[in-house]
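**Q** any chance you could fold what I've pasted below:
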Amino acid sequence: AGAVSGGSGEAGKNSLIVDGSDKNTGGGGAGGASPAAPSISTLNSNVLAPELRPSGSLATTPPTPEEQRVFRVQTKLQPAVLAVVDRLKQTPQPDLSNYGGFVRDRKAEVKLWLTDKSEVAKAKLKELGFEIVLDHAGSNLIIGRIPIEKLELLADLDFVRYVSAQTSR
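**A** Purely as a prediction, here's the structure:
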């Protein structure tokens, strides 16, 4: 009887979301009381679900523009690239002239995955000081160099999907 009660509890938990009428057909008697507790927690979790942020934390207010920007930077920059950006914000500033195998003479060699590889997009990259090293015509990948002070600005460009370190071995 215990296995049947547990099984109907799980079935009741899943079906309550779809059809509330199934909660009374799960075995009756003492078995009918078992699904009541999961139905309350299921309903409560569904009420909270729309308020979850991408980070998994609950929020009652929308993220601020600064929180949105931080999230965008963290998702678009590879952790090694993000580490350089974070180190630039430290005081006193550490020596980053050659760092991480992809920074040389304060320029980072990076791979950019783009959503749009038009001439306009390339012009915007050049405005940031991006020097194209390799531009393969058949893909949305560009390899190049950019001053490390401008790395964070790449995340603000809508057509940049991801930035990773270009290390040579």
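**Q** what does stretch 161-169 rub up against?
**A** Stretch 161-169 has contacts (Cβ atoms under 8 Å, 6 or more residues apart in numbering) with 76-78, 80-81, 100-102, 108-115, 140, 143, 151, 154-155. (Each C-beta comes from the backbone N, C-alpha and C, glycine too.)
**Q** which stretches of this protein have low pLDDT?
**A** 1-59, 97-98, 169 (pLDDT under 70).
**Q** hang on, the earlier thing: only the buried subset of the contacts of stretch 161-169, as a ChimeraX command please.
**A** Filtering those down to the buried ones (16 or more other Cβ atoms under 10 Å) takes a single ChimeraX command:
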select :76,77,80,81,102,108,109,110,111,112,114,151,154,155
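**Q** take the contacts of stretch 161-169 and keep only those in helices.
**A** Applying DSSP state H to the contacts of stretch 161-169, the entries found in helices are 76, 80, 81, 151, 154.
**Q** so which strand or helix has the residue nearest to the fourth one when sequence neighbours are not counted?
**A** Read it as residue 151. For residue 151, ignoring the flanking residues on the chain, the nearest one in space by Cβ to Cβ, 6 or more residues apart in numbering is residue 85 at 5.3 Å. Assessed by DSSP states H and E, residue 85 sits inside helix 79-88.
**Q** could you check how far residue 111 is from residue 150?
**A** Look at residue 111 and residue 150: by Cβ to Cβ, to the nearest Å, they are 16 Å apart.
**Q** where do the strands sit along this structure?
**A** With DSSP state E, the ranges of strands along the chain come out as 98-99, 103-104, 107-114, 131-135, 141-147, 160-165.
**Q** deepest of those, which one?
**A** Stretch with highest mean neighbour count among the strands of the chain: strand 107-114 (a mean of 21; mean count of other Cβ atoms under 10 Å).
**Q** neighbours around the closest residue to residue 116 other than its chain neighbours, how many?
**A** If the residues on either side of it in the chain are set aside, residue 116 comes closest to residue 159, at 4.1 Å by Cβ to Cβ, 6+ apart. Residues near residue 159, counting by other Cβ atoms under 10 Å, number 16.
**Q** check the gap between residue 159 and residue 91 for me.
**A** Counting by Cβ to Cβ, the gap from residue 159 to residue 91 is 33 Å.
**Q** excluding chain neighbours, what is closest to residue 146?
**A** Counting by Cβ to Cβ, 6+ apart, residue 130 is the residue found nearest to residue 146 once chain neighbours are left out, at 4.6 Å.
**Q** contacts only, for the one you found.
**A** Residue 130 makes contact with 144, 145, 146, 150, according to Cβ under 8 Å, 6+ apart.
**Q** phi and psi next, for the residue nearest to the last one when sequence neighbours are not counted.
**A** Put plainly, it is residue 150. Sequence neighbours aside, residue 128 is the residue nearest to residue 150 in space, at 4.8 Å (criterion: Cβ to Cβ, 6+ apart). Dihedral pair for residue 128: phi -80, psi -10, per degrees, to the nearest 10.
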